[in-house]
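**Q** attaching a predicted model along with its sequence, questions to come.
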Amino acid sequence: MVRFSSRFVLAVALLFPLPIQVCAQSVPPRHPPRPKLLGPADWKPSPQSVSAAYWTLEPGWNTDLEMRNNLRSRELTITPVLRIASGQELSLAPVTVAPQHVVSLNLRNLAQEDARILNYSGSFGSAVFRFSGMSAVNVFAATIVRHEGEPIDFHFDADEAGATYYKMGGLEGVWWLPVRSSTDYLILSNPSEKALSGSLFLSTLSQNRRVPISIGAGQTKRVNIRQALGPSNISAIGGLTLSLPGNESLSATQIVFDEVTGLAAIMKLFDRDPDDKPTNHVLRAPMMALSQPDYGLGFPNGTRLIPHVFLRNAGVTQMQVALTVDWRSETQTGELAPPALTLSPGEVRVVSLMEPQKSGQIPANANWGVVNLSYAGRRADLVAVATSYDQNHRYGLQTPFSENVSQKWAGGMWHVDSTHNTLITTGNAGTEPTTAEVTLFYNGGKRRYRLQKMLPPGQQLWLDVGRLIHDQLPDSDGNTLAPDTMTGSYELRDLDHQTVGQLYEGKLVIDKTYGHAAYGCGTCCGYGIPTLLPDPFGGPAGINNIDEMDSVEQCGGDTVDLADDAYDWNSSNTAVATLPTKTLHTVATGSATGNATVYVQADKPAPRCPMAYYSPEQPVTVCTAPTSETTTLYGTYQITEGSFVMSLNPGTNNYDSHYVTEGDYATGTDSCYWPGASITNPPSVAGSTWTVGANGSAHDQYGVDSIGFTSAGVSYIQQNGAAHDIDFPCVVTFYQQMSYECSANAFYAYADNVLTQTIGSNTVKVCRAGVCTGSIPW
Amino acid sequence: MTGKHAAILVELLLLYALSSAQSTMRPKYMDRALIQHGASGETVTANDPLPLHQAISALSQEYGWRVNWEVAPCYSRFDVVDDTGPKWRSSHPGEKGVTRPAGGLFVATFPDPASVPQPPEEEILNRVIEAYNATDNPGKYALRTDARGLLTVVGTTVRDQTGALQKITPVLDTPLTIEKVRRNAYDTINLILDGLSVATNRKLIIMSVPTNLLRDTLVEIGGRGVAARALLRETLDGTQRPLQYDLGFDPDFSSVFILNITLATRTEVDGSGRIRPVPIDHIGRVSHP
């Protein structure tokens, strides 16, 4: 659940959309239209950071730092910071990343040029990525840790762990030591500014072990699970629980590797939400490799994978788990839906998907599957980890279970070259068809390749990026990827459900040299707190105003108008103003508050994008504002300026003592200007304010509004302009918008006027709203 | 923007200016300076006879800063060039023509305002001015900050008829004595300019000012031996609005100083997508049709 401040929040966040009810006004619209893109949000950056749990430069190991700028139209400068286990920091050189571009830094290469990094050889710790941005999700960052010369590499996504709003009630997982040469590390880093403490519980078949954990600010602890279990342990697998009584968040990961066999696996950890309530959950692993490896993986002929799903009931009651597999081969698709599993509290079970392939329930030549797990309970009550390795653990890959679906995913780096390939997928987790869009960005983020496809429920869009390049397959716009393209980034979008999306995602980067594939995840993108505009509204009775509900899409940094997606439009006082839709209708003088609700994916805490209801409010003041004005010539000022007084309409109302103010509704023009002239260009109105009925003005009148250059200024133009080839008469034009102050800060724009000063070689004429001085000799 | 991109942009602008110059013999300038968010920070690109002025106007509008401007009064052939229109010249052969400041393209990079100590105006303007002073564009400038933090870019150096750099005393440094009585702001400014004309034997005129505001504001400004700049600022402050001034110079019109006064504004995009300047004391106000 996400908490937002005071007046914006109506209710709690949910994991899945509410069931649709009959009353259209009380639930979100079933098919909200695409939000209207208004353009880049006003750039008001603040310090942001995301952190990844692990990097290492220990002997034989290396780390790449990967950073993607998710913004659509602005470069970002990101400072990577290495923290060693003690928390000591080393800031690396800032990196500027173009919009929608991704860059990668190889730490060992950097160390050749930076002795400070060389001093970190033999070290490990966490990585922080700092930048000035609008939101932490403006950046996708990750560390890729690899054991050089081995099929061992891991991908650790950065997140906002450590942020004060990111609460974590603990972690649940499964530890795994398949053979004696395997190493299982639990890596815990504390990106916050205060120490945290908790307890690690490790369960085996025969015992439970408790390990106190205390991590100082910025520190990283690496727990060797084999050592923590002790020499007497004979189990290969067991449960892992980290309790955090203080509900602090930390960056955590668990890796299993084996330098003898070449095994590399991430045993995904599931974080608990301290405010979580039991509900229905669906976990999904989108890229489960089945027994027959896909040719694109580049494994040796004859390699057979053994697909396993590790399950652990981390809850306190018995759990029913429905497992289904949506499998596919080159030519066929289908679903396997075996009977539900029953897991006792604390039980760890390994489900083999090889057996269904042996028995023919899944065809032997099926390469891939989406594994779905449904259960009722709290988040992290079910721990699920998928692995597909050959019997020697030499070749294989994984796909992570997640229950996140989103309207947009900002992904990291893809690689395609003679030894690498990348597979990207997205699928429809909803109950109705939707249009999925995959965009590959390359050439520094400047070029894009876009595929769009309608996906029925349960279906996947599957991209073999190497094949797209090699076969020069055109995208939905007829473009192809340049044949020499090797890296880039990507985004996934649900085009038909842009407020609450239905898409899940997955990515595999395949290293054919070593026969290993590492998975990576994208950042889900949500919306910031919206504002109902105008805020405040001020205006006269009897008008209609089209309201906007503006919000910032946090990854890309664009402002969108969600008004067409909002519902429950409401006015607190319909005698003053009604707000049945986004059209605000003013009725009678007075005050009211308008509000509406929108149901969208929020942006915090990443990497989650929880659903949230927002109900922004709009103060409304209906006053006796004018609807127009009548301009009357008053005379001239300083000879060449025209002076005018104005009467506000309708004259049956009393506008006295209210302010009117002028602004520009468009950029002015000046044919009297030449480059280098000491004339303000382009011209704009002076921004004057008058009080109606005051300072000598009659009832419902204001003025004087004097317009034009001074006589000395006109002389300057007349005397010098001709020699600069200014054609006389020349004209200065201002586009003046008049606004009336209904109440404090609530201005109503009631009139747009064109103002001109026409300068001849020896005459001047000034006009306001079509009322002119006549030709003034000068 | 990367350095490479900046270089390409500069080349394009130069080509544009050159092609224009070849076709009309009068260069084409930019309507307003361009601010880009680039690799080594932000970049402002100006192309104008007074490019520093154009750059600072763009920065002020982009970030909503209040910055006064006092031009370096350039006059020599090293700082101004002939700008006589060909049409006028053909009908006035042999007559003295007119000039314009000899400036052109100017590009400066500066840090993201959010990344420097707040408020960032002083540091960023100093960077831009420093970059400008390293170019061959006319005039050298300095940033002055008064006790209240109000910023003024002041011309300090011009080239004389031999091409040598010549330090100048800004005209608004001139001390004036004005009787402290209550009068409207418009009349007070005229009085200051009249006093300067007498004290410096230079002509100073008002081009455009917010007439309504100055005429309707009563101030009581004056003193003995007070710098004209201080009197002018005090007068503008009397309006309670964020006014800024721009003192230009034209050597062709009896060597006249030309005063413009405007409200400091920030460029905003309204709900209809229209870009317009909003006075910095009115930002956040919403008016709507």
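**A** Received, thanks. Residues are numbered from 1 along each chain as shown, chains lettered A, B, ... in the order given.
**Q** contact partners for residue A:403?
**A** A:15, A:281-284 (C-beta atoms under 8 Å, 6 or more residues apart in numbering or on different chains). In this view, the C-beta of every residue, glycine as well, is placed from N, C-alpha and C.
**Q** which one of these has the most neighbours?
**A** Tallying neighbours with other C-beta atoms under 10 Å in any protein chain shown puts residue A:284 at the head of the contacts of residue A:403, with 24 neighbours.
**Q** ok, the closest residue to residue A:393 other than its chain neighbours - contacts?
**A** Once its chain neighbours are removed from consideration, residue A:393 has its nearest residue in residue A:263; the separation is 3.8 Å (C-beta to C-beta, 6 or more residues apart in numbering or on different chains). By C-beta under 8 Å, 6+ apart, the residues touching residue A:263 are A:152, A:178, A:182, A:256-257, A:389, A:393-394, A:396.
**Q** save the contacts of residue A:403 as a markdown table, and put in secondary structure and pLDDT too.
**A** Shown next, in a markdown table, are the contacts of residue A:403 (DSSP: H, G, I helix; E, B strand; the rest coil; pLDDT from 0 to 100):
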| residue | secondary structure | pLDDT |
| --- | --- | --- |
| A:15 | coil | 31 |
| A:281 | strand | 96 |
| A:282 | strand | 96 |
| A:283 | strand | 96 |
| A:284 | strand | 96 |
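**Q** can you redo those residues as TSV with distance to residue A:522?
**A** Below are the contacts of residue A:403 laid out as TSV (distance: C-beta to C-beta, whole Å):
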residue	distance to residue A:522
A:15	19
A:281	20
A:282	19
A:283	17
A:284	14
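**Q** how about the closest residue to residue A:106 other than its chain neighbours, what does it touch?
**A** For residue A:106, the nearest residue in space outside its immediate sequence neighbours is residue A:64; the separation is 5.4 Å by C-beta to C-beta, 6+ apart. Residues counted as contacts of residue A:64 (C-beta under 8 Å, 6+ apart) are A:104-107, A:143-144, A:146.
**Q** what segments of the stretch 301-450 of chain A are strands?
**A** A:306-313, A:319-328, A:333-336, A:341-343, A:348-352, A:368-377, A:382-389, A:396-399, A:408-415, A:420-428, A:434-442, A:447-455 (DSSP state E, counting those that start in this stretch).
**Q** of those, which is nearest chain B?
**A** When those are compared for distance to chain B using C-beta to the nearest C-beta, the nearest one is strand A:447-455, at 15.4 Å.
**Q** what comes up buried for that closest one?
**A** By neighbour count on 16 or more other C-beta atoms under 10 Å in any protein chain shown, the buried set for strand A:447-455 is A:448-449, A:451, A:455.
**Q** tabulate these in a markdown table, adding columns for distance to residue A:709 and pLDDT.
**A** Formatted as a markdown table, the buried residues of strand A:447-455 follow (distance: C-beta to C-beta, whole Å; pLDDT from 0 to 100):
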| residue | distance to residue A:709 | pLDDT |
| --- | --- | --- |
| A:448 | 50 | 91 |
| A:449 | 55 | 95 |
| A:451 | 59 | 95 |
| A:455 | 64 | 96 |
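**Q** closest one of the contacts of residue A:403 to chain B?
**A** The shortest distance between chain B and any of the contacts of residue A:403, using C-beta to the nearest C-beta, involves residue A:15 and amounts to 33.9 Å.
**Q** give me the distance between the residue nearest to residue A:393 and chain B.
**A** Residue A:263 sits at a distance of 42 Å from chain B (criterion: C-beta to the nearest C-beta, to the nearest Å).
**Q** give me the below-cutoff pLDDT ranges for chain A.
**A** Residues of chain A meeting the criterion pLDDT under 70: A:1-26, A:162-166, A:605-607.
**Q** let's see 50
**A** Regions of chain A meeting the criterion pLDDT under 50 cover residues A:1-24.
**Q** and the residue lying closest to residue A:568 once chain neighbours are set aside, how many neighbours?
**A** Leaving aside its sequence neighbours, residue A:568 sits nearest to residue A:597 (C-beta to C-beta, 6+ apart; 4.4 Å). Applying other C-beta under 10 Å, we find 21 other residues in the vicinity of residue A:597.
**Q** before we move on, what about residue A:331?
**A** As a burial measure, residue A:331 scores 7 neighbours (other C-beta under 10 Å).
**Q** what sits against it?
**A** Applying C-beta under 8 Å, 6+ apart, one finds that residue A:331 lies in contact with no residue.
**Q** what's the burial count for residue B:89?
**A** For residue B:89, the neighbour count with other C-beta under 10 Å is 16.
**Q** tell me what whichever strand or helix holds it is packed against?
**A** Counting by DSSP states H and E, the element that carries residue B:89 is helix B:86-91. The criterion is 3 or more C-beta pairs under 8 Å, 6 or more residues apart in numbering or on different chains; DSSP states H and E, and there are no helices or strands that helix B:86-91 contacts.
**Q** helix or strand right after that helix?
**A** Next along the chain after helix B:86-91, taking DSSP H and E as the criterion, comes strand B:99-101.
**Q** buried residues in the following helix or strand past that next one?
**A** Following the chain from strand B:99-101 toward its C-terminal end, the next helix or strand by DSSP H and E is strand B:105-110. Of the residues in strand B:105-110, B:105-110 count as buried by neighbour count, 16+ other C-beta under 10 Å.
**Q** ditto for stretch A:725-744
**A** If you call a residue buried by 16+ other C-beta under 10 Å, then stretch A:725-744 has these buried ones: A:725-726, A:728-730, A:732-743.
**Q** contact residues of the stretch 551-700 of chain A facing chain B?
**A** Residues of the stretch 551-700 of chain A lying near chain B by C-beta under 8 Å from any C-beta of the partner chain: A:637-638, A:641, A:661, A:663-667, A:674-680, A:682-684, A:686-690, A:695.
**Q** one more pass at 10 Å, please.
**A** A:559, A:561, A:584, A:637-638, A:641, A:643, A:661-668, A:674-691, A:695-696 (C-beta under 10 Å from any C-beta of the partner chain).
**Q** drop anything exposed from these.
**A** A:559, A:561, A:584, A:637-638, A:641, A:643, A:661-668, A:674-690.
**Q** strands - which of those residues land there?
**A** A:559, A:561, A:584, A:637, A:641, A:643, A:661-664, A:689-690 (DSSP state E).
**Q** what residue in the stretch 51-200 of chain B comes nearest to chain A?
**A** Here the residue of the stretch 51-200 of chain B nearest chain A is residue B:85; by C-beta to the nearest C-beta that distance is 2.5 Å.
**Q** state the distance from that residue to residue B:68.
**A** Distance of residue B:85 to residue B:68, given as C-beta to C-beta, to the nearest Å: 31 Å.
**Q** and residue A:137, how far is that from residue A:275?
**A** The gap separating residue A:137 from residue A:275 is 22 Å, by C-beta to C-beta.
**Q** out of the two, which sits in the busier spot?
**A** Each of residue A:137 and residue A:275 had its neighbours counted (other C-beta under 10 Å), and the higher figure belongs to residue A:137 (27 against 13).
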